[in-house]
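1. Sequence first, predicted coordinates after that:
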Amino acid sequence: MLRDDSDNGGGRPVAAHNVLGEPLEICSIKPMTGFYRDGCCNTGREDAGSHTVCVVMTAAFLDFSKSRGNDLSTPVPEFGFAGLKPGDRWCLCAPRWQEAFEAGQPPRVFLRATHQGALAYCSLADLKRFAVDLA
């Protein structure tokens with residue numbers, strides 16, 4: 001189910017769009033990702049972290065994130081989190097991607113699965129520089 005991230009007066013939910021203005025694609029279902037754990041980088045008012053950038057994990061980025069206090073590689077079984085490994089796709093918080101970009105450590109991005117909400121924190125030009133799904 002796609003989340004409605006706009007206030008349309010309680011009407012029918014609006015399909016989410018990616019940073020290219022197209023319908024948002026699935027980021028990953030194995031591991032299951034997304035703020036809503038629906039496989040998509042959907043966002044809404046409850047998502048204070050803006051989990052909107054679909055990335056592919058690398059060892060370098062996992063180390064960077066851990067050094068910044070967000071350990072994504074260690075399993076947390078009590079929350080059903082198996083830990084991420086290089087190659088996993090994941091909905092990353094847009095401010096964390098921007099922080100990694102500024103530090104020269106950004107993970108690669110799947111633009112078609114990156115929610116347009118990421119553009120509040122990251123420029124499309126920067127995201128495109130690290131895109132894995134542009135032909």
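-> Done, it's in.

2. Not counting sequence-adjacent ones, nearest residue to N70?
-> Nearest-residue entry for N70: R96, 6.7 Å, with adjacent residues in sequence omitted and distances by C-beta to C-beta, 6 or more residues apart in numbering. Just so you know, the C-beta spots here come from the backbone N, C-alpha and C atoms, and that holds for glycine as well.

3. which SSE is the one you found in?
-> Using DSSP states H and E, R96 sits in helix 94-102.

4. try L92
-> Per DSSP H and E: L92 is located in strand 89-93.

5. Which strands or helices does that strand pack on?
-> Applying 3 or more C-beta pairs under 8 Å, 6 or more residues apart in numbering; DSSP states H and E, we find strand 89-93 packed against strand 51-56.

6. what angle separates the strand it packs on from helix 94-102?
-> Orientation check (axes from the mean of the first three to the mean of the last three C-alpha atoms, to 10 degrees): strand 51-56 against helix 94-102 gives 50 degrees.

7. what comes up buried for strand 51-56?
-> In terms of neighbour count (16 or more other C-beta atoms under 10 Å), strand 51-56 has its buried residues at 51-56.

8. Also stretch 48-68?
-> Buried residues in stretch 48-68 (16+ other C-beta under 10 Å): 50-58, 61-62, 64-65.

9. Kindly report the same for stretch 71-89.
-> Buried residues in stretch 71-89, counted by 16+ other C-beta under 10 Å: 72-73, 84, 88-89.
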